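Engineer: below are the sequence and a predicted model; questions follow.
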Amino acid sequence: MKPFAYHQPGQIPDAAKLLTSIEDSKLVAGGMTLIPTLKQRLASPVALVDLSKLGSLKGIADEGATITIGAMTPHAVVAASKLVQTKIPGLAALASMIGDPAVRSRGTIGGSVANNDPAADYPAGVLGLGATIITSTREIAADKFFLGLFETALEPSEIITAIRFPVPLKAGYAKFKAPASRYALVGVFVAKFADGVRVAVTGAGPGVFRVPPMEAALSGNFDASAIAAIKIDTDGLTSDIHAEADYRAHLVTVMAKRAVDAALS
Amino acid sequence: MGNVIGIGAAPKRKEDQRFLTGRGNYVSDIKRPGMTAGVFVRSPHGHAVLRGIDKSAALASPGVIAVLTGDDVADDGLGSLPCGWGITDAKGVPMKEPPFPMLAQDKVRFVGDMVAFVIAETPEQANAGAELLKIDYEVLSSVVGVLEAVRPDAPQLFDDVPNNICCDWELGDKAAVETAFKKAAHVAKLSLVNNRLIGNPMEPRAAIAEYEPGTDRFTLWTTSQFPHVVRFLMGALVLNIPQHKLRVVAPDVGGGFGVKQFHYGEEAVITWAAKRVMRPVKWVASRSEGYVSDRHGRDHVTEAELALDETGKFLAFRVNTLANMGGYLSTFGPNIPTNLYGPLLGGVYTTPAIYCNVKVVFTNTVPVDAYRGAGRPEATFVLERIVDVAASEMGIDRVELRRRNMIPKEAYPYQTPVLVQYDSGDPMGCLDGALVAADVKNFGVRKAASASKGKFRGLGYSTYVEACGLAPSRFAGRLGARGGLYESATVRVHPTGQVTVMIGTHNHGQGHETTFAQIVSDKLGVAFENVDIVFGDTDRVQFGMGTYGSRSLVVGGAALSKATDKVIVKGKKIAAHLLEASEADIQFEAGKFSVAGTDRIKTFEEIAGAAYVPHDYPLEVLEPGLEEQAYYDPVNFTYPGGCHIAEVEVDPETGTVTLVNYTAVDDVGTVINPMIVEGQLHGGIVQGVGQALFENAVYDEGSGQLLSGSLMDYCMPRADHLPMMKVATHSTLCTHTPMGVKGCGEVGTIGSPAAVINAVVDALSHLGVTHVDMPATPNRIWRLLQNASLPVAAE
Ligand SMILES: Cc1cc2nc3c(=O)[nH]c(=O)nc-3n(C[C@H](O)[C@H](O)[C@H](O)COP(=O)(O)OP(=O)(O)OC[C@H]3O[C@@H](n4cnc5c(N)ncnc54)[C@H](O)[C@@H]3O)c2cc1C
């Protein structure tokens, strides 16, 4: 690890100011992703701006038709939240499947979404539920937020403060864990709303994506059998030492069916 | 006064007091005054010409003390890293043995090959300096697979090693095998890959070296399974340091599995560097560094054929293997796929003729050497797989076919056609025990229950034997060993009757401090807590060959047993004098010397006291003191084995294999501590299951990059991958070791891969699947089911 300055601001504007004023500075939330890259000298920011003292970024709020989760809320808190378990059990289940207990108690939803790892779980939940990413400067719809491999719509000095999730009629998540890392080899989030169904896939490609044919089929008949015959095009899907693209494509259908079953159970 | 805790008891492990309370003393815990930090700069290329290194910017970097390269090694006239085995081909021509410089000279041959060593005041400064080294490489194309490496147009690692073949080795009677194949009613054939593995001990490798100019002595602390061997190889053959001027200490070591039983270039560089900079130098590997520098294991491509008569009797077995050696010969490298492989191909069967050819091949990968089991899991896998293939092709039940060919208990000692003679065993007894323990009778019920959930269930057997307790020196010498393989122990009885044992094996998790103390407690009648075991320090322990090849109890324990017997013999002489009786009339039992048929007694403590305060003592004929030493060289290997039964469930939708039941009934000879034996079996089985289902070291052909270079990409088995295991022993006693022990460190890893894969094939056999390569990953199983192009059950 190379030396860096460390800041722990108390207000969001102060944090934003630090980010703009110090070139090569970086936010740190749970540090579960960032700190290992520093240790391996893959990244060497001049300064770290720690979000942990920003109390307004923590906690989960019930707004009736939506729930809003502060960016600094750890995965374990979301998984254990009675509110999330009641209103969007699929999202609580997703949080409980991330990493291991240590990672879940440090890693945050804001960090995960900002990082947009192609195999991370939250992006599937955020896109699948059509959530809104609230930042220090604006609100961004999930459909406009995830731009591909580790790429998001965030500006360099923009801070995610919370994520607002519409409460669906039903939602479920199914994850096929990569054998070694236990990130999603393929994860599918399915959400049913009054006006239709959304299906979001993580792990299979360079970034989270939706599957319109499945959404259409499930909007007509919200049952696993409705999508059993839908095959995913292997074009653009990832092939690596763990899984070839056609296997990933196959798993998308299997996991989508299991996500529907989970949503119905 | 504590209690005697003897052979067969299961006390809690002595060493766990310090391990579980965070009081262990590992190399990375050690700090020396004035210590500097070193980092190795490693080749990022699989194969390249090393054109030049510009040190200037690195040397100018803050805190950097020195930068050492291959040129400095050459200038100082240092030796190449030695190989401990020299094998020969069928015509007696020695293997090709190119030099293995501790820092690369002229060329790099694998990603991770060491190019430079940067020493600085702190690890950060050393890393920063290392990044400033300018290394000029001319990148060549890499070859990583054995099939590719022996092709005529393959990149050549060494100018004088044509086709990258180090040695074309063979064993057995080729003509007899050919004749038998001509008479065969059936020939079963199998092509398979034995996947490459990375050991991943919990503690990464580390070393500290220090030079004392006042005494001209070096000390090396290193994460090693055999400190005396490091002292010999490094001192005598690499650095030219006289043995009495070099101390090697291997303190607490956090797991080895073979990875730490080699002499590594890092140890030599650090020891050499400590004198060059006249300050202690410390290096601790990162996990990532371990992936590209710890020696790898396995990596075979094999074609096997088994000839049978019409009743299923094995007539002959023929095996052709290409074995990957990596970029250079590591300490035991060429011995593993040859001497520890071919002689095991007889298994527990009466196959009369066996022939094995192994081409040992260089590639642009990390050197390959022993990893738990070393050669024997590979042999067991080939044999136990092909027995299943033959059974299914001939329509004979797998268990029945095994029974028809098994060596009956009465036939021991049994001479195989491949050098080894089994002294004892009862494979049929292990099989019978395992069939009951695994509840094979009701397997059909469980299979039907799985089927009702859309899952395929399979059962797999492995009835196997291994050769361990390495090794009879004379025998090993004939096979090419360049060192002895005996073991030594000193039993030091203190004037107050407590005992310190100095032993040449090394404890890195196996529980030796407990097991060996039980042996002494049992034999001398001394309280368990009054026996301490010292190991891992060439200044404290007389000599030793270390721990590997399931040898510690078998060879080290035998030396300890013999040394303890000598203490009793001397004690009897002292007792005879004190009790005014003839030595022949003295009996020793439960810590007391007595005159037969009388109540005249001297306790062990009294005898120890008399030995050190020899006022009333036969000084004319007996030296004072009570300390005895023994060296033990085994007369044969030991042959533990048994029967493993794996039960798996396959999810055809995702290809996931779940191990649902595992049963092992093993013959490990005398059991000293059943809890420790059970733990060794559990750990060994898990490592074998890891090979069968999860682990795979994958290189990119052409670039030579290791694609599975971290725990994120290399899948280690985890607790939730495993069922509760049923583990039992069915022992016959070894006829030639002092206590009848056979060793248990590797059996689990040797028996299990075949059992698991046989179960997977069984689960899929109704779809026409006849073989699955390891690891049986979900993707691989799904692909097989696709290729079987049969309808996959819907959920
Ligand atoms: C062993 C292990 C296993 C894991 N397994 C999984 C898994 O199964 N599934 C999964 O989804 N993830 C997994 N993760 C990742 C984990 O969820 C991380 O915690 C998460 O990706 C990042 O969250 P963090 O709070 O630790 O962010 P940090 O590491 O602190 O930051 C990550 C990045 O996001 C930026 N950032 C952080 N917070 C904000 C913010 N509020 N606004 C803008 N930018 C911000 C940082 O600058 C940095 O670039 C695993 C991690 C580990 C170490």
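Structural biologist: In hand now; what should we look at?

Engineer: what number of residues lie near residue 127?
Structural biologist: Picked chain A for this. Using other CB atoms under 10 Å in any protein chain shown, A:Leu127 has 26 other residues around it. Where C-beta positions appear, they are placed from N, C-alpha and C, glycine not excepted.

Engineer: if you could check chain B rather than the one you did, that'd help
Structural biologist: By other CB under 10 Å, 18 other residues sit near B:Asn127.

Engineer: got a list of what it touches?
Structural biologist: A:41, B:39 (CB atoms under 8 Å, 6 or more residues apart in numbering or on different chains).

Engineer: and the next helix or strand past the host helix or strand of it?
Structural biologist: For B:Asn127, the host element (DSSP states H and E) is helix B:123-131. Using DSSP H and E, the helix or strand that follows helix B:123-131 in sequence is strand B:134-139.

Engineer: strand partners (parallel or antiparallel) of that following strand?
Structural biologist: strand B:48-54 (antiparallel) (DSSP bridges).

Engineer: for the partner strand, buried residues please.
Structural biologist: Residues B:48, B:50, B:53 are the ones in strand B:48-54 that count as buried (16 or more other CB atoms under 10 Å in any protein chain shown).

Engineer: which one of those residues sits closest to chain A?
Structural biologist: B:Ile53 (20.3 Å; CB to the nearest CB).

Engineer: ok, and what's touching stretch A:134-151?
Structural biologist: Outside stretch A:134-151, the residues touching it (CB under 8 Å, 6+ apart) are A:12-13, A:15-16, A:68, A:113, A:115-118, A:123, A:126-127, A:129-133, A:152-155, A:158-164, A:206-208, A:210.

Engineer: distance between the ends of stretch A:119-132?
Structural biologist: 20 Å (CA to CA, to the nearest Å).

Engineer: what do you get for stretch B:32-51?
Structural biologist: 37 Å.

Engineer: buried residues, it. List them.
Structural biologist: B:32, B:36-48, B:50.

Engineer: same check, this time on stretch B:166-183
Structural biologist: Residues of stretch B:166-183 classed as buried by neighbour count (16+ other CB under 10 Å): B:166-174, B:176-177, B:180-181.

Engineer: need those in a markdown table with secondary structure, pLDDT and distance to the ligand, can you?
Structural biologist: Formatted as a markdown table, the buried residues of stretch B:166-183 follow (DSSP: H, G, I helix; E, B strand; the rest coil; pLDDT from 0 to 100; distance: CB to the nearest ligand atom, whole Å):
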| residue | secondary structure | pLDDT | distance to the ligand |
| --- | --- | --- | --- |
| B:Cys166 | strand | 98 | 39 |
| B:Cys167 | strand | 98 | 43 |
| B:Asp168 | strand | 98 | 45 |
| B:Trp169 | strand | 98 | 43 |
| B:Glu170 | strand | 98 | 47 |
| B:Leu171 | strand | 98 | 46 |
| B:Gly172 | strand | 98 | 49 |
| B:Asp173 | coil | 98 | 54 |
| B:Lys174 | helix | 98 | 52 |
| B:Ala176 | helix | 98 | 56 |
| B:Val177 | helix | 98 | 51 |
| B:Ala180 | helix | 98 | 54 |
| B:Phe181 | helix | 98 | 53 |
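
Engineer: which one among the residues you listed gets closest to chain A?
Structural biologist: Distances from chain A to these, taken by CB to the nearest CB, are shortest for B:Cys166, at 27.6 Å.

Engineer: which strand or helix spans the nearest residue to the closest one once chain neighbours are set aside?
Structural biologist: In space, and not counting its chain neighbours, B:Cys166 is closest to B:Val360: 4.4 Å by CB to CB, 6 or more residues apart in numbering or on different chains. Using DSSP H and E, B:Val360 maps to strand B:353-362.

Engineer: quick one: list the elements packing against that strand.
Structural biologist: helix B:146-149, strand B:165-172, helix B:174-182, strand B:314-326 (3 or more CB pairs under 8 Å, 6 or more residues apart in numbering or on different chains; DSSP states H and E).

Engineer: for A:His74, give its distance to the ligand.
Structural biologist: For the record, residue A:74 is Pro, not His. From A:Pro74 across to the ligand, the span is 8 Å (CB to the nearest ligand atom, to the nearest Å).

Engineer: check B:Thr351 too.
Structural biologist: 48 Å.

Engineer: ok, for that residue, nearest residue in space, not its chain neighbours?
Structural biologist: For B:Thr351, the closest residue by CB to CB, 6+ apart turns out to be B:Phe314, at 4.2 Å.

Engineer: and for the one you found, the neighbour number?
Structural biologist: B:Phe314: 27 neighbours (other CB under 10 Å).

Engineer: what's across from it in the sheet?
Structural biologist: B:Leu308.

Engineer: so which of the contacts of stretch A:134-151 reach chain B?
Structural biologist: Counting by CB under 8 Å from any CB of the partner chain, the subset of the contacts of stretch A:134-151 that neighbours chain B is empty.

Engineer: give me every residue that touches B:Val4.
Structural biologist: Per CB under 8 Å, 6+ apart, neighbours of B:Val4: B:521-522, B:525-528, B:590-591.

Engineer: one more time with 6 Å, if that's ok
Structural biologist: By CB atoms under 6 Å, 6 or more residues apart in numbering or on different chains, B:Val4 lies in contact with B:521, B:525.

Engineer: and it, how far is that from chain A?
Structural biologist: Counting by CB to the nearest CB, to the nearest Å, the gap from B:Val4 to chain A is 44 Å.

Engineer: ok, whatever residue of the stretch 151-265 of chain A ends up closest to chain B to A:Gly99 distance?
Structural biologist: Closest to chain B within the stretch 151-265 of chain A is A:Ala180: 3.8 Å, counting by CB to the nearest CB. For A:Ala180, the distance to A:Gly99 (CB to CB, to the nearest Å) stands at 13 Å.

Engineer: is it true that B:Val382 lies in a strand?
Structural biologist: No - assessed by DSSP: H, G, I helix; E, B strand; the rest coil, B:Val382 does not belong to a strand; its assignment is helix.

Engineer: quick check: closest non-adjacent residue to it.
Structural biologist: Using CB to CB, 6+ apart and skipping residues adjacent in sequence, the residue nearest B:Val382 is B:Ala304, 5.0 Å away.

Engineer: ok now whichever helix or strand that neighbour is part of, how far from the chain's centre?
Structural biologist: Using DSSP H and E, B:Ala304 falls within strand B:296-308. Remark: strand B:296-308 is offset 20 Å from the chain centroid, using CA atoms, centre = their mean, to the nearest Å.

Engineer: how many neighbouring residues does residue 5 have?
Structural biologist: Reading this off chain A. Under the neighbour criterion other CB under 10 Å, A:Ala5 is assigned a count of 12.

Engineer: oops, wrong one, chain B.
Structural biologist: 19.

Engineer: next, the distance between the ends of stretch A:86-100.
Structural biologist: Stretch A:86-100: ends 23 Å apart by CA to CA.

Engineer: so, in contact with the ligand or not, it?
Structural biologist: Yes - Stretch A:86-100 comes into contact with the ligand (CB under 6 Å from any ligand atom), by way of A:98-99.

Engineer: what mean pLDDT does stretch B:545-561 get?
Structural biologist: The pLDDT scores in stretch B:545-561 average 97.

Engineer: go on, stretch A:81-91?
Structural biologist: 98.
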